[in-house]
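1. Take a look and give me a structure for this.
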Amino acid sequence: MTKSVSERLADFVQRATYENLPKEVVHQAKRCLLDTCGAVIAGSYHSTSGKIAQNYARSLEEPPKATIIGTDIMRSPQTAAFANGIAAHALELDDGSRHATYHPGSSIIPSSLALCEAEGKTARDLITAIAVGYEVSIRIGKSMNPHHYLKGFHPTGTVAHFGTTAACCQILNLSVEETINALGLAGSLASGINQYEIDGSLVKHLHPGNAARNGILTALLAKEGLTGPKGVIEGRLGFCHCFSDRYDISSITKGLGSEYDILSIYFKPYPSCRYVHYANEATLNILKEHPLTPEDIDQIHILTHQNAKQGSDIPDYQTVLHARLSIQYGIASILVRGKAGLQEYTDEAIKDPKVHEIAKKITIEIDPEIQKLYPNPRSMIVQIKDKKGNIYSSRVDYPKGDPENPMTDEELIDKFIDVTEGVISKKRQAEIIENTLHGSPDAPVRSLMKLLSF
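-> Residues are numbered from 1 along each chain as shown. Next up, the predicted model:
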């Protein structure tokens with residue numbers, strides 16, 4: 001009898017060990033760990049969502065088993081994963097997969113850290129869990145995107161559930177049958193819609209936190225014997241059928257165990273939606289050759305793909321989250337201030353009338369040729385017309401952070417130091433970098449979590 005997709009994924013999760021993972025996969029998982037720790041630390045301190053999650057956690061009376069990062073409090077692993085997942089996504093600093101249209105780090109790593117801490121696991125267990133969680137979820141995500149996203153779902157809330165569940169099953173050493181059941185449960189808990197794109201509400205940040213919490217929940221329930229459908233992914237009433245108009249089931253298990261999608265992850269140099277990065281980079285390319293001022297600008301036109309148009313065409317941004325999603329805001333901030341970093345995404349910064357003025361001059365159009373190529377590459381062309389009628393253009397296919405244009409370990413370290421500056425000391429920064437990138441596989445995860453408690 002042919003095995004279901006979840007049965008084959010469960011086999012992969014159950015067989016995976018630190019020792020049999022390719023070295024480059026182990027190293028990439030460590031890079032993702034460092035990058036996500038930076039995102040959580042920054043989000044726990046700088047974001048409204050992170051503070052709300054901390055306050056919610058404080059209100060609960062639970063056994064102190066896992067750390068709420070950026071505080072000195074401990075709660076259940078589910079609550080810690082929930083709060084840390086929200087903080088990880090709150091500043092749009094988290095890693096992503098362009099093929100799955102999804103941010104895996106902000107849910108998989110918080111759930112893995114919390115459960116490993118609670119269970120007394122080592123870095124070996126943590127890195128293995130991260131690797132299998134990324135693999136399972138990215139494969140499911142890329143099989144059904146961009147159609148899943150264009151239908152209105154947020155894969156960082158939906159697809160993420162399969163990644164956190166796989167990671168948690170690996171940490172708890174569940175059997176194949178238990179893992180199948182856990183994945184079956186994950187499909188029913190998966191949720192997250194993109195209506196926040198319309199008004200800039202903070203609910204977007206809830207999605208990875210919810211997935212992080214539910215990954216632990218599904219694994220624990222399956223361990224206790226709760227069952228889920230084996231055909232949860234490909235079944236007639238399964239996840240792919242219900243959540244997308246088009247999907248490719250065969251791609252989910254093709255090359256499973258020999259080809260690793262974690263190696264295709266991108267990392268973010270800017271605290272904004274990934275589509276904004278293309279626009280920022282193209283604008284900077286133009287300014288290098290033609291040092292235009294805001295007063296020189298007549299109009300700006302963008303050619304790109306449908307996903308970027310749907311998710312990031314926001315000329316009239318209303319909130320900081322809205323601005324982080326807005327191509328118009330990213331470009332305008334660079335033209336007015338020369339940058340679009342953390343300090344440019346505050347309540348005060350987004351009210352700048354000079355930036356608003358430029359943003360209103362930017363239009364976005366879906367280009368048929370670019371759409372044909374999606375998702376590799378996810379190109380964007382920025383065309384700036386000055387008041388003399390000159391048009392300056394730049395096309396970006398692979399912005400900084402893509403595997404085709406990667407951030408080195410040194411660049412990821414620089415990013416970590418930059419986003420955590422003023423939040424933790426230089427000594428603690430160095431210790432976290434050492435523990436994540438170069439620590440012993442036998443090191444207890446609790447040692448890392450002590451560094452993340454402050």
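2. In this protein, which residue is most central in space?
-> For the chain, the residue nearest the mean C-alpha position is residue 103 (2.2 Å; Cα atoms, centre = their mean).
3. Quick check, that residue in contact with residue 208.
-> Yes: proximity of residue 103 to residue 208 meets the contact threshold set by Cβ atoms under 8 Å, at 6.6 Å. For every residue, glycine as well, the C-beta is placed using N, CA and C.
4. gap between residue 153 and residue 406?
-> Using Cβ to Cβ, to the nearest Å, residue 153 is found at 29 Å from residue 406.
5. neighbour-wise, which of the two wins?
-> Neighbour totals were compared for residue 153 and residue 406, and residue 153 leads with 23 against 16 (other Cβ atoms under 10 Å).
6. quick one, what contacts that one?
-> Counting by Cβ atoms under 8 Å, 6 or more residues apart in numbering, residue 153 touches 192, 193, 194, 243.
7. Then residue 249?
-> 5, 143, 233, 234, 240.
8. how about the nearest residue to the first one once chain neighbours are set aside, phi and psi?
-> Leaving aside its chain neighbours, residue 5 sits nearest to residue 233 (4.3 Å; criterion: Cβ to Cβ, 6 or more residues apart in numbering). Taking degrees, to the nearest 10, you get phi -90, psi -50 for the backbone angles of residue 233.
9. didn't residue 233 look like it was pressed against residue 7?
-> No: with contact defined as Cβ under 8 Å, residue 233 does not reach residue 7; the gap is 10.1 Å.
10. of those two, who's got more company?
-> residue 233 (28 against 19).
11. give the contact list for that one.
-> 4, 5, 6, 9, 140, 162, 183, 187, 239, 240, 249, 252.
12. and if we set it to 7 Å?
-> Residue 233 makes contact with 5, 6, 140, 187, 239, 240, 252, according to Cβ atoms under 7 Å, 6 or more residues apart in numbering.
13. Okay, and which of those residues map to strands?
-> Within the contacts of residue 233, no residue falls in strands by DSSP state E.
14. any chance of those residues in JSON lines, with pLDDT and distance to residue 63 too?
-> Shown next, in JSON lines, are those (pLDDT from 0 to 100; distance: Cβ to Cβ, whole Å):
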{"residue": "5", "pLDDT": "98", "distance to residue 63": "36"}
{"residue": "6", "pLDDT": "98", "distance to residue 63": "31"}
{"residue": "140", "pLDDT": "98", "distance to residue 63": "33"}
{"residue": "187", "pLDDT": "98", "distance to residue 63": "29"}
{"residue": "239", "pLDDT": "98", "distance to residue 63": "33"}
{"residue": "240", "pLDDT": "98", "distance to residue 63": "38"}
{"residue": "252", "pLDDT": "98", "distance to residue 63": "37"}
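15. Farthest-apart pair in the residues you listed, please.
-> Distance extremes for the contacts of residue 233: the farthest pair is 187 and 252 at 13.2 Å, using Cβ to Cβ.
16. So for these two, which sits in the more crowded spot?
-> With neighbours defined as other Cβ under 10 Å, residue 187 and residue 252 compare such that residue 187 has more, 26 against 23.
17. what residue of this protein is the furthest out?
-> Greatest distance from the centre of the chain, by Cα atoms, centre = their mean, belongs to residue 388 (41.5 Å).
18. Assumed that residue was part of a strand.
-> No: per DSSP: H, G, I helix; E, B strand; the rest coil, residue 388 lies outside any strand segment and is coil.
19. show me the contacts for it.
-> Per Cβ under 7 Å, 6+ apart, neighbours of residue 388: none.
20. tell me the mean pLDDT for stretch 438-449?
-> Mean pLDDT, stretch 438-449: 98.
21. quick one on the thing from earlier: closest to residue 419 out of the contacts of residue 153?
-> If you rank these by distance to residue 419 using Cβ to Cβ, residue 192 comes first, at 24.5 Å.
22. Test my guess that that closest one contacts residue 157.
-> Yes: applying Cβ atoms under 7 Å, one finds residue 192 in contact with residue 157, separated by 1.9 Å.
23. Looking at these two, which is more packed in?
-> Neighbours were counted for residue 192 and for residue 157 using other Cβ under 10 Å; residue 157 has more, 26 against 22.
24. picking up where we left off before, among the contacts of residue 249, who's most crowded?
-> Compared across those, residue 233 has the highest neighbour count, 28 neighbours, by other Cβ under 10 Å.
25. Number of residues surrounding residue 293?
-> Using other Cβ under 10 Å, residue 293 has 10 neighbouring residues.
26. anything in contact with each of residue 192 and residue 157?
-> Contact with both residue 192 and residue 157 is made by residues residue 207, according to Cβ under 7 Å, 6+ apart.
27. Do you have the strands of the stretch 101-250 of the chain handy? List them.
-> Counting by DSSP state E, counting those that start in this stretch, the stretch 101-250 of the chain forms no strands at all.
28. Helices of that one, residue ranges please.
-> 105-119, 123-144, 147-150, 160-171, 176-189, 196-199, 206-224, 239-243, 250-253 (DSSP state H, counting those that start in this stretch).
29. Report all helices and strands that the longest one contacts.
-> Applying 3 or more Cβ pairs under 7 Å, 6 or more residues apart in numbering; DSSP states H and E, we find helix 123-144 packed against helix 5-15, helix 23-46, helix 105-119, helix 160-171, helix 239-243, helix 250-253.
30. contacts for stretch 238-245?
-> 143-144, 147-148, 151, 153, 158, 187, 190, 231-234, 247, 249.
31. meant to ask about stretch 407-426, not that
-> When contacts are defined by Cβ under 7 Å, 6+ apart, stretch 407-426 is touched by residues 31, 34-35, 38, 41-42, 45, 93, 267, 269, 342, 400-401, 429, 433, 437, 454.
32. tell me how far it is from the chain's mean position?
-> Relative to its parent chain, stretch 407-426 has a centroid offset of 18 Å by Cα atoms, centre = their mean, to the nearest Å.
33. For that stretch, could you pull out the residues that count as buried?
-> 407, 412, 413, 415, 416, 419, 420, 423, 424 (16 or more other Cβ atoms under 10 Å).
34. And stretch 250-267, by the same measure?
-> In stretch 250-267, counting by 16+ other Cβ under 10 Å, buried: 252, 253, 256, 260, 261, 262, 264, 265, 266, 267.
35. ok, the closest residue to residue 159 other than its chain neighbours to residue 119 distance?
-> Leaving aside its chain neighbours, residue 159 sits nearest to residue 141 (4.1 Å; criterion: Cβ to Cβ, 6+ apart). Between residue 141 and residue 119 the computed distance is 27 Å (Cβ to Cβ).
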